[in-house]
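> Below: sequence and its predicted model.
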Amino acid sequence: MQALSRHITRARLFWVGLFAVTWALSQYSFQIYKALDARWIIRFPSQYQLNTDTVISGFLDWLVNAANFGLFTFRDLTRAIAWVIEQPYQFLRNLLIEGFQSGIGDTAVQVAPSLSWIAVIAIAVAIGHYARDWALAALVGACFLYLAVFGQWDSAMITLASVLVAVPIGAVGGLGLGILAYRSAWVDRMLRPVLDLMQTVPVFAYLVPILILFGFGPVAALVATVIYAMPPMIRVTIVALRGVPEELLEAGRMMGATQRQMTWKVLVPAATPTLMVGVNQVIMLTLNMVIIASMIGAGGLGFDVLASLRKLDIGGGIEAGLAIVVMAIALDRASQAFSERRMQHPRTGTLMQRHPWTTTVVVIVLGTFLLGQVLPAVQSYPDDWKISTGRFWSDGMEWINVNFFDTLEAIKTVLLTTLLLPVKKFFSGIPWAWGIIATGLIAWRVAGWKLGVAAALMMGFIAASGLWGKAMVTLYLCGVSVFIAVLIGTPLGIWAAQKPGAGRVILGLMDTLQTLPSFVYLIPVVMLFRVGDFSAMIAVVLYALAPAVRYAAHGIREVPPQLLEAGKMAGCTPRQLLWRVKLPLATPQLLLGVNQTIMLALSMLVITALVGTRDLGQEVYIALTKANAGQGIVAGLSVAFIAIIADRIVHALSDTQKKRLGL
Amino acid sequence: MDKSVILDCRHVWKLYGTGADALLAQGRVPDAAALAQANVIGAVRDANVQILQGEIFVIMGLSGSGKSTLVRCLSRLVEPTSGEIEFDGRDLLRASDAELIEIRRKKMGMVFQQFALMPHLTVLENVAFPLEIQGVERAARLARAKTVIDLVGLEGREGCYPRELSGGQQQRVGIARSLIVEPDLWFLDEPFSALDPLIRREMQDEFLRLQNMLKKTIVFITHDFDEAIRLADRIAVMKDGVIEQIATPEDLVQNPATDYVADFTKHVARAKVIRAKSRMEPATSDSFAGEVAHNATIESIADQVERADAPFKVMQDGKVIGQITARAVIDVLVGRG
């Protein structure tokens, strides 16, 4: 007993002491520097600065301009990849928007028009009904109808074309690599760190090298999209294949299945429901990235949002943003329904009876094609019928700004002065040398000396790259956002878990929030609070809220019922039951929720560079606009390092907690 | 016995742990203590089993006794650490991958505890699946599957998916699937353990009915001793990876080789196991109340023998080989002798 209490005090002493030292150094670093006349205390000495960025840039230059593999140059290789991706993309663009033409320029003759808007909606409805039922068909159909009625059709179809090209490549590629990793431990070991890094490097960071390798345009955007969307598919594939029951594999082997038969006739079909979850993820990530990749020329809805953000065109931004939301919902619900869909009994009867949807769609496509020759309204949705909501939104925003300006400004000021600025001052004041040591100490204390050393090395890399100041701004923004997100999200999650009715609404809302591409979050925030740290924080909180809520709800729900019964029989009040039984048992899950929140916050922070933060995200963004690959990658790596350190520390905390609870 | 050996397994070991190979390379037979010291788990230790043509050979043991590992060694789903396995005159452990595939396609069938049906295939397609793997043309394999489905009593359910069937029905599909290639050697790995007791009994009857028609050579795994004595021609009792005894059910009950087997058989209803022949005496009586088969269990004849005034003739191959009295029957029933 005595030993235990001594242990606790020593642990407390460590944390309090660490914080006190850090606070003192942060507060007085400037005075110390002046007193000792040692500028290195607040600034990393420039003569020791690493030049990783120039090395990387130089390497990329060499790749693009000089690399030669004997038979072909690197440039030939990128051109070949671009060509392969370009073909299906151009075909889908023709099919959905531009129509098919022969000849070039003025001599071009239209051979066939694009699919009519009616036909596209019919296909969407058919897919919805095939995947589940009429309700889904109606939802998906309504979403596409919305795009037509509200004048977003052309941009939406460009975005859709990109998604339709990138998803099969990402899904099939991910499946292939996943199967390889499942089969060979060697491939698995090679892939694992790459996947970890891919998950934490911010998306902007690899837009830069891709921009340099493939040039500005839709193909570069598609390459970036595929790279971004593939890793989750690889992970899901590995998990899905490992989840196939051992007996099923033995059954396959006992039937004398060859290696190939095992893969394609046993493993993959048995894992299909889980694999479809991966495909759903690929679709949603693809949409997210296609929107972001408008910065390197993807076009479509993302470009509309970006253009409106730059022009501060409130109405246009919200219109395009809503179109993205609508599209995200349609794609998510339809692909989710596919993953839950079970094998159906085949229909019998005539061709029409056996394939009712295929025949209907074919009839509508042909019918609208013929009718469209005479009636243009059938071919493309007439402009006169379009409803523009741009004015409505601008007016609405104006009204809010006129009537609530003072309130909003007050909220902003209070939060800025009481929370954001003090935290910012604290983080920015920490001298780099102590920051490295402190990070190492925290990691060592929580997860052992290996992580301690690794964390210190990673922080050292950031400092040596001259990015310490920006990294601290990132830490401060991330810390404040996560703090607020957890503060709001955890009670919401607990509420959702306690009250089934509220739970359905809250969790449904969170599901929808999570399907929205990150870009969309910037629009309302910028409209209400203009640019700056505060806007960035709000956008990050909104984006990162979902996991905090979900994990909290999950953790509370997963508390074993017999423990609740034991608590009730001991005479706990509902409040005691929550605080004494449910919350302690849910801590590991709550911590995992915090972890996810941190990861999402970091990925969103980079995107909020668009609304004028001065952190690592801005560094990446500047690199993107200057096409400086080295700068972008180094800053991207720095963000990834912060993410990795945070991830390992929180995981270690969660594991300790689990062990303590005997879970 | 004139039955030939179809599967001969000699000195088979399966050890798990890093030091396994080194331990066996020392040349002497390691005991439990040596294994524990080397941090090696002996899942199967020095197993010697001969499976005879046409018999039901039951491997019986509690969970963790190594019975599942042993049967996986016999089918080479698990690679034994050492030993020899001869199947149909061929060295199974030296068979190449291609040969192994061929043997499994044509000569072996296996039924699994959790059924192991392909969730995306219908009953008909599941049963036809082994033939699909072999590349048999669709119409032919479906027709063949149809006849096997009728055999296991699932006609009318061909179009169902496994999720739409009860556990017993699913296992019928598993049985049908393993029988479609007409295997010479039929492995059943706890086929009825996942079923309710009532269904289990029904499936055992069904299994005996099938075996009466098909006369397969069977290796049957179970942890249920009642199931073992009901089905087995011979039983191997396993404990901690070691085969404690191999004997007929009757022998096992009457002459347990080790304390473990004795413990196990102590509470068995002996009347279900002991047969007329082992409790008969020379046929000395003048009058007989009737006749019984030499291999009838005491349980099945107790009622009529006890009720009669005179002993019954015990018959084998149409000849009288002895007589059995009410007294002998009662001795068995009350557990005397």
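Arrived safely, thanks for sending.

> What segments of the stretch 51-200 of chain A are strands?
A:100-102, A:109-112 (DSSP state E, counting those that start in this stretch).

> Now do the contacts for the one residue in the stretch 101-250 of chain B that gets nearest to chain A.
Residue nearest to chain A within the stretch 101-250 of chain B: residue B:105 (3.4 Å; C-beta to the nearest C-beta). C-beta coordinates here come from the backbone N, C-alpha and C atoms, glycine included. With contact taken as C-beta atoms under 8 Å, 6 or more residues apart in numbering or on different chains, residue B:105 is in contact with A:255, A:256, B:130, B:133, B:134, B:181.

> Report the buried members of these.
A:255, A:256, B:130, B:133, B:134, B:181 (16 or more other C-beta atoms under 10 Å in any protein chain shown).

> three-state assignment of the third one?
With DSSP: H, G, I helix; E, B strand; the rest coil as the basis, the three-state label of residue B:130 is helix.

> A strand includes residue B:86, no?
Yes. Judged by three-state DSSP, residue B:86 forms part of a strand.

> what's the burial count for the closest residue to chain B within the stretch 401-550 of chain A?
Per C-beta to the nearest C-beta, residue A:450 is where the stretch 401-550 of chain A lies closest to chain B, at 23.4 Å. Look at residue A:450: counted by other C-beta atoms under 10 Å in any protein chain shown, it has 11 neighbours.

> Which residues in the helix or strand containing it does the neighbour count mark as buried?
Following DSSP states H and E, one finds residue A:450 within helix A:449-464. The neighbour-count check on helix A:449-464 (16+ other C-beta under 10 Å) flags A:451, A:452, A:454, A:455, A:456, A:458, A:459, A:460, A:461, A:462, A:463, A:464 as buried.

> How about residues contacting it?
A:44, A:48-50, A:432-433, A:435-437, A:439-445, A:468, A:471, A:637-638, A:641-642, A:644-645, A:648-649, A:652.

> picking that back up, kindly reformat the strands of the stretch 51-200 of chain A as CSV containing mean neighbour count, mean pLDDT and distance to chain B.
Formatted as CSV, those follow (neighbours: other C-beta atoms under 10 Å in any protein chain shown; pLDDT from 0 to 100; distance: least, C-beta to the nearest C-beta, whole Å):
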stretch, mean neighbour count, mean pLDDT, distance to chain B
strand A:100-102, 12, 77, 38
strand A:109-112, 11, 74, 38
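
> follow-up on the earlier one: could you tell me which of the contacts of helix A:449-464 count as buried?
For the contacts of helix A:449-464, buried by 16+ other C-beta under 10 Å: A:44, A:432-433, A:435-437, A:439-445, A:468, A:471, A:637-638, A:641-642, A:644-645, A:648-649, A:652.

> quick one: secondary structure of residue B:30?
coil.

> Once you drop chain neighbours, what's closest to it?
residue B:23 (5.5 Å; C-beta to C-beta, 6 or more residues apart in numbering or on different chains).

> Any idea which helix or strand in the chain has the lowest mean pLDDT?
Going with chain A. helix A:351-354 (a mean of 71; mean pLDDT, DSSP states H and E).

> was after chain B, sorry
helix B:20-25 (a mean of 72).

> Switch the contacts of residue B:105 over to JSON lines, and while doing so, append distance to residue A:657 and secondary structure to every line.
Output for the contacts of residue B:105, formatted as JSON lines (distance: C-beta to C-beta, whole Å; DSSP: H, G, I helix; E, B strand; the rest coil):
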{"residue": "A:255", "distance to residue A:657": "46", "secondary structure": "coil"}
{"residue": "A:256", "distance to residue A:657": "48", "secondary structure": "coil"}
{"residue": "B:130", "distance to residue A:657": "49", "secondary structure": "helix"}
{"residue": "B:133", "distance to residue A:657": "48", "secondary structure": "helix"}
{"residue": "B:134", "distance to residue A:657": "53", "secondary structure": "coil"}
{"residue": "B:181", "distance to residue A:657": "53", "secondary structure": "coil"}
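
> now, the most widely separated pair of the residues you listed?
Using C-beta to C-beta, the two most remote members of those are B:133 and B:181, lying 9.5 Å apart.

> tell me, what's touching those two both at once?
Shared contacts of residue B:133 and residue B:181 (C-beta under 8 Å, 6+ apart): A:255, B:105.

> Get me the contact residues on chain B for chain A.
Taking C-beta under 8 Å from any C-beta of the partner chain, the part of chain B that reaches chain A is made up of B:72, B:75, B:77, B:100-106, B:108-110, B:112-116, B:118-121, B:129-130, B:132-134, B:159, B:161, B:163, B:178, B:181, B:187.

> In strands, which of those residues appear?
B:108, B:109, B:110, B:187 (DSSP state E).

> mind listing the strands for the stretch 151-300 of chain B?
Under DSSP E, counting those that start in this stretch, the stretch 151-300 of chain B gives strands at B:185-189, B:217-222, B:234-239, B:242-247, B:290-293.

> Now tabulate those strands in a markdown table and tack on mean pLDDT.
Shown next, in a markdown table, are the strands of the stretch 151-300 of chain B (pLDDT from 0 to 100):
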| stretch | mean pLDDT |
| --- | --- |
| strand B:185-189 | 93 |
| strand B:217-222 | 94 |
| strand B:234-239 | 93 |
| strand B:242-247 | 92 |
| strand B:290-293 | 86 |
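
> Is it possible to get JSON lines of the ones you listed that adds distance to residue B:261?
JSON lines is the format used below for the strands of the stretch 151-300 of chain B (distance: least, C-beta to C-beta, whole Å):
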{"stretch": "strand B:185-189", "distance to residue B:261": "22"}
{"stretch": "strand B:217-222", "distance to residue B:261": "15"}
{"stretch": "strand B:234-239", "distance to residue B:261": "5"}
{"stretch": "strand B:242-247", "distance to residue B:261": "5"}
{"stretch": "strand B:290-293", "distance to residue B:261": "27"}
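
> List the residues that contact residue 149.
Here I'm looking at chain A. A:381, A:385, A:386, A:387.

> wrong one, chain B
B:123, B:124, B:127, B:155, B:157, B:158, B:173, B:176.

> Summarise which helices and strands the helix or strand harbouring the third one is packed against.
Residue B:127 belongs to helix B:123-133 when elements are defined using DSSP H and E. Taking 3 or more C-beta pairs under 8 Å, 6 or more residues apart in numbering or on different chains; DSSP states H and E as the contact definition, the neighbouring helices and strands of helix B:123-133 are helix B:138-151, helix B:167-179.

> who's in contact with residue A:90?
No contacts exist for residue A:90 under C-beta under 8 Å, 6+ apart.

> quick one: it from residue A:121, how far?
Going from residue A:90 to residue A:121 by C-beta to C-beta, to the nearest Å gives 23 Å.

> Output the below-cut-off pLDDT ranges for the stretch 251-400 of chain A.
Within the stretch 251-400 of chain A, the stretches with pLDDT under 70 are A:343, A:347, A:352.

> One more pass at 90, please.
For the stretch 251-400 of chain A, residues meeting the criterion pLDDT under 90 lie at A:256, A:259, A:272-400.

> Point out the residues in it that sit beside chain B.
A:251-258, A:261, A:265-266, A:269-270, A:272, A:342-343, A:345.

> Give me the buried subset of these.
Counted by 16+ other C-beta under 10 Å, those give A:251-257, A:261, A:265-266, A:269-270, A:272 as buried.

> ok, and the closest non-adjacent residue to the residue in chain A positioned nearest to chain B?
Chain A approaches chain B most closely through residue A:256 (3.4 Å), counting by C-beta to the nearest C-beta. Spatial nearest neighbour of residue A:256, excluding adjacent residues (C-beta to C-beta, 6+ apart): residue B:105 at 3.4 Å.
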